[in-house]
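*Asks:* give me coordinates for this.
(chains A, B and C, ligands or ions: 2)
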Amino acid sequence: MTTTTGIQHISAGRRFKDLFVKALVYLAFALAVVPLVSVLWLVISNGVARLDLEFLTHSMRGIGARDAGGGAYHAIIGTLEQVLLASVISVPIGLFTAIYLVEYGQGGRLSRAISFFVDVMTGVPSVVAGLFIFAFWILFLGAQFSGWAGALALAILMMPTVVRSAEEMLRLVPNDLREASYALGVSKWRTILKVVLPTAFTGIVTGVMLAVARVAGETAPLLMTVFFTNSINNDPFNGPQMGLPLFVFDQAARPNDTAVDRAWTGALTLILIVMLLNLVARLIAWWRAPARGR
Amino acid sequence: MSKQIQVSGLDAYYGSHKAIEDVSMTIEPRSITAFIGPSGCGKSTFLRTLNRMHEVIPGARVEGKVLLDGDDLYAPNVEPVSVRRMIGMVFQRPNPFPTMSIYENVAAGLRLNGRLSKSKLDGIVEESLKGANLWNEVKDRLNKPGAGLSGGQQQRLCIARAIAVKPQVLLMDEPCSALDPISTLAIEDLMAKLKDEYTIVIVTHNMQQAARVSDRTAFFNLAEQGKPGKVIEMDETSRMFTNPTQKATEDYITGRFG
Amino acid sequence: MATNTKTRDGGPAMSRSASRRTHGEGLFRFLSTAAGVVLLAIMAAIAVFLISEAIPALRANEGNFFGDLVWEPNSSKVFGIGALAFGTVLSSALALVIATPIAVGVALFISHYAPRRLAAPLGYLIDLLAAVPSVVYGLWGVTFLVPLLRTPSQWLNEHLGWFPLFAGEGIIGGKTMFAGAVVLAIMILPIIAAISREVFLQAPKMNEEAALALGATRWEMIRMAVLPFGRPGVISAAMLGLGRAMGETIAVALIFPATFDISFQILTPHANSIAANIANGFGEANDIGRGALIASGLVLFVITLLVNMGARFVINRRKEYARVGA
Ligand SMILES: Nc1ncnc2c1ncn2[C@@H]1O[C@H](COP(=O)(O)OP(=O)(O)OP(=O)(O)O)[C@@H](O)[C@H]1O
Ligand SMILES: [Mg+2]
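*Replies:* Numbers count the residues shown, from 1 in each chain, chains lettered A, B, ... in the order given. Ligands and ions are numbered 1, 2, ... in the order given. Down below sits the predicted model:
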């Protein structure tokens, strides 16, 4: 190209390929962001209209097929209770399983089996978890549809996530800490309780919150466990309840605009809850980062 | 083949941190130039500015001139890719591509510059492996993974890979520091042979090695901790090691510090 | 179990400890072992109860479960999984074909192209895509994407109709396999991208430098040192994504028109899947209907189990390989 240089340029073909791939990679990223922006924009712009006091404080009881108005109070209450119960079930089981894997299992057969099936459990479709609880809890044990049944299904979905994140956090605890504690004559279980768990605490909380955020948006397992209702049912142990994702699904499938408007507002509420959980989880993780001793 | 490098007034930065300052030197073709100096004084940094490998590190930049037989490596229309094609590099730790066979490793650079016929490729691979004193050891297992070789063999494989593209200059950053004495000797023999064809620059912490293999030596040092590194002295190796002009050089060579 | 194992672990057996301590130790070990066993029991129970509750319905089936292309367990007691299984496989395969290249591009963008400072926040942005609940994607899909895809679908049908997937007459576009697959692709993209990004970031820096020092361009460096290293990881990521797509329910339940035929014409309104059928059919199913849905859920469970175990197998092989290569 220039007269002064004896340094050859790379061939046009190579240069083109490099630029072409670069363009493709940037394009791929843009393509991936478009749906996110589109979803968020539509949920906000369509959902904000009905995000009023009535929506947050009323149920769908007595709202006719074409009526405007109505709300998701019953669904919000249901989701909060179901998610809380699911955490109450899955967090102890998940946490203790992680403790087993890290502190007691020592790579034995049982711990390898558990580890493998935790991975497999991660892949269980949520609808299958719902069907299982339906088959076991409702058909086999003869219990009724309830928020609690839904919580059982959600707990199954939460467990592997809780185990994996807690396991990761426990493994991050330096062995020196454990050994220092043993050296003081503290027994193993007290070491776990007083040294290991507190050190890993915030990390575990973050993992649990992310797991909660994930199951809070699950619809499919609710269909066959909490079933469905238009009314407020504050008791998760008795009778059908509603869930916010279920509310969105139900309203979205109805063939009139007032229902679809409610679906959007439900979706907005749901996203706000999920994003809030995500955000708090990240904040906790961030807060933990500069090694603030507990 | 084999070109001269002229550096004048070169500063190198990592972000706002100035790692080396005002380095000027001439590196002669068909000879071995050694860089010595205490850890952290910028030898690697300087070496990498010679083929623009430092640009891989975000925030790294240089000021000053580097001429390859009079051509400015940092001229605006010169791409780093072309510079590295002409100035090859061998790293401290042997780094053959783990997914490639011995043959593929040597051919990797050749394949970048257009298609070659199989027989031509075979020829260059053999020639390069012979050039790296490795042919006899691997000729029966060219299709085995390069990662299966010993450390010293891997390092020679990396040298074969570097010389397969017929560069003008070969930069080596502590090429023997991860190797045992026998492998080190093999590499040193190889360097002595390669200098007939290439301009060779080697960074080493081993004074004996510098004394054994190099024709000229440059001593790098920091004025003090936190200050950028500088070239304190550069001369014929024989003179540097017997009769250095600077006190710091003498102290370093005789092992009084560093 | 709790008493005879207490000396086996590496913990300090403190002889001066009071019995309360030994108690605590035993209890703690028991609880954590029990929790792990509960987890295993749940996995076993899923298989057992799905099978036992599916059997009565399968017995009552007057058609062929693996042959018939109908789903009428409530009325005529004839139901077959064929069309549903076909829809599940086709829709998730399409989703995978759409999502994988984009996800790999996204992963490369974050690992090797984006400016360093932006890489982490941009990666977080992609993770957010995974945080959106699937019912929201369903709502977005039916109200926004389905109408949006109508024109491109018709264009594809008109100009590339010779290609079997784009063939078809009559209604083109709308609630189709194609629209569902696009939504599924968006939903599985984040997981494929996240895992691929991790393996690309793990590609040895020294090999990347070796490639660059040979005079490779960025793309050539990626092809030499990053992609070969990352390939097993990307494959298993894609398989995990496939498993996700197969089990994804609500979004496709809102989009698929619930037909029961086998059609490769993805631009015509013929689409269904096992999961969508469960969601759509559960509410109005009677006993046999619910049993039939459980049977279909069992099939879905087995398929996703195989896919996920395959993915784990590839990942574990890769771990061994990475250890050898290091
Ligand atoms: N990637 C980097 N980012 C920021 N600073 C760096 C980087 N690499 C090196 N430095 C700094 O530049 C200076 C010179 O480092 P360099 O690696 O060139 O020294 P060296 O002489 O090769 O040392 P050694 O003999 O230990 O290899 C040091 O202060 C070092 O901290
Ligand atoms: Mg160095």
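
*Asks:* host element of the closest residue to A:V280 other than its chain neighbours?
*Replies:* The shortest distance from A:V280 to any non-neighbouring residue, by Cβ to Cβ, 6 or more residues apart in numbering or on different chains, is to A:M209 (6.0 Å). Where you see a C-beta, it was placed from the backbone N, CA and C, and this is true even at glycine. Under the criterion of DSSP states H and E, A:M209 resides in helix A:197-216.

*Asks:* got the CA positions of that helix in CSV?
*Replies:* What follows is helix A:197-216, C-alpha atoms only, in CSV (Å, rounded to 0.1, in the frame of the first residue of the first chain):
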residue,chain,number,x,y,z
LEU,A,197,-22.6,-21.3,58.0
PRO,A,198,-22.1,-17.7,59.2
THR,A,199,-19.2,-17.3,56.8
ALA,A,200,-21.3,-18.5,53.9
PHE,A,201,-24.5,-16.9,55.1
THR,A,202,-24.9,-14.0,52.8
GLY,A,203,-24.0,-16.1,49.8
ILE,A,204,-26.6,-18.7,50.7
VAL,A,205,-29.2,-16.0,51.2
THR,A,206,-28.4,-14.7,47.7
GLY,A,207,-28.8,-18.2,46.2
VAL,A,208,-32.1,-18.7,48.0
MET,A,209,-33.4,-15.3,46.8
LEU,A,210,-32.5,-16.2,43.2
ALA,A,211,-34.2,-19.5,43.5
VAL,A,212,-37.3,-17.8,44.9
ALA,A,213,-37.3,-15.3,42.1
ARG,A,214,-37.2,-18.2,39.6
VAL,A,215,-40.1,-20.2,41.1
ALA,A,216,-42.3,-17.1,41.8
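
*Asks:* and it, average pLDDT?
*Replies:* Computed over helix A:197-216, the mean pLDDT rounds to 88.

*Asks:* before we move on, what about stretch A:266-286?
*Replies:* On average, stretch A:266-286 scores 88.

*Asks:* against C:I195, how distant is C:A103?
*Replies:* Distance, C:A103 to C:I195, by Cβ to Cβ, to the nearest Å: 9 Å.

*Asks:* burial count for A:T265?
*Replies:* Neighbour count of A:T265, defined by other Cβ atoms under 10 Å in any protein chain shown: 25.

*Asks:* how far is the one helix or strand C:V307 maps to from where the chain is centred?
*Replies:* Per DSSP H and E: C:V307 is located in helix C:287-325. Relative to the mean C-alpha coordinate of its chain, helix C:287-325 is positioned 9 Å out (Cα atoms, centre = their mean, to the nearest Å).

*Asks:* and that helix, what does it pack onto?
*Replies:* Under the contact criterion of 3 or more Cβ pairs under 8 Å, 6 or more residues apart in numbering or on different chains; DSSP states H and E, helix C:287-325 touches helix A:109-122, helix A:126-133, helix C:19-60, helix C:82-108, helix C:227-247, helix C:274-281.

*Asks:* tell me the angle of the last one relative to helix C:227-247?
*Replies:* Meaning helix C:274-281. Counting by axes from the mean of the first three to the mean of the last three Cα atoms, to 10 degrees, helix C:274-281 lies at 20 degrees to helix C:227-247.

*Asks:* any bit of helix C:274-281 sitting next to chain A?
*Replies:* Yes: interface with chain A: helix C:274-281 contributes C:275, C:278-279 (Cβ under 8 Å from any Cβ of the partner chain).

*Asks:* and of the residues you listed, the nearest to chain B?
*Replies:* Nearest to chain B out of the residues of helix C:274-281 next to chain A is C:A275 (Cβ to the nearest Cβ; 37.8 Å).

*Asks:* tally up the residues packed near the closest residue to chain A within the stretch 51-200 of chain B, please.
*Replies:* The minimum distance from the stretch 51-200 of chain B to chain A, using Cβ to the nearest Cβ, falls at B:D71 (4.7 Å). For B:D71, the neighbour count with other Cβ under 10 Å is 17.

*Asks:* ramachandran coordinates for it?
*Replies:* phi -90, psi 130 (degrees, to the nearest 10).

*Asks:* can you give me the pLDDT of it?
*Replies:* 90.

*Asks:* what's across from it in the sheet?
*Replies:* Judged by DSSP bridges, the bridge partners of B:D71 are B:L68.

*Asks:* what's the spacing between it and B:Q4?
*Replies:* For B:D71 relative to B:Q4 (Cβ to Cβ), the value is 11 Å.

*Asks:* and the longest helix along chain A, what other elements does it pack with?
*Replies:* Ranked by residue count under DSSP state H, the longest helix found in chain A is helix A:12-47. For helix A:12-47, the elements it packs on are helix A:257-288, helix C:82-108, helix C:116-131, helix C:134-140, helix C:177-202, helix C:218-221, judged by 3+ Cβ pairs under 8 Å, 6+ apart.

*Asks:* tell me which of the ones you listed sits nearest to B:G42.
*Replies:* Of all the helices and strands packed on helix A:12-47, helix C:116-131 sits nearest to B:G42, with 22.7 Å by Cβ to Cβ.

*Asks:* for that closest one, which positions count as buried?
*Replies:* C:119, C:122-123, C:125-131 (16 or more other Cβ atoms under 10 Å in any protein chain shown).

*Asks:* ok, now stretch C:260-275?
*Replies:* C:260, C:263, C:265-275.

*Asks:* closest one of the buried residues of helix C:116-131 to chain B?
*Replies:* Scanning these for proximity to chain B, where the rule is Cβ to the nearest Cβ, the winner is C:A119, at 10.5 Å.

*Asks:* report pLDDT for the closest residue to ligand 1 within chain C.
*Replies:* When scored by Cβ to the nearest ligand atom, chain C has C:K205 as its residue closest to ligand 1, at 10.7 Å. The score at C:K205 is 92. That number is its pLDDT.

*Asks:* for it, grab phi and psi.
*Replies:* Here C:K205 shows phi and psi, under degrees, to the nearest 10, equal to phi -60, psi -40.

*Asks:* who's in contact with stretch A:137-145?
*Replies:* With Cβ atoms under 8 Å, 6 or more residues apart in numbering or on different chains as the test, stretch A:137-145 has contacts from A:149, A:152, A:224-227, A:238-240, C:49, C:52-53, C:290.

*Asks:* adding neighbour count and pLDDT, write these out as a markdown table.
*Replies:* As requested, the contacts of stretch A:137-145 are exported to a markdown table (neighbours: other Cβ atoms under 10 Å in any protein chain shown; pLDDT from 0 to 100):
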| residue | neighbour count | pLDDT |
| --- | --- | --- |
| A:A149 | 29 | 95 |
| A:L152 | 25 | 96 |
| A:M224 | 29 | 90 |
| A:T225 | 29 | 93 |
| A:V226 | 30 | 91 |
| A:F227 | 22 | 83 |
| A:N238 | 13 | 89 |
| A:G239 | 15 | 89 |
| A:P240 | 19 | 91 |
| C:F49 | 21 | 95 |
| C:S52 | 14 | 94 |
| C:E53 | 24 | 92 |
| C:R290 | 24 | 93 |
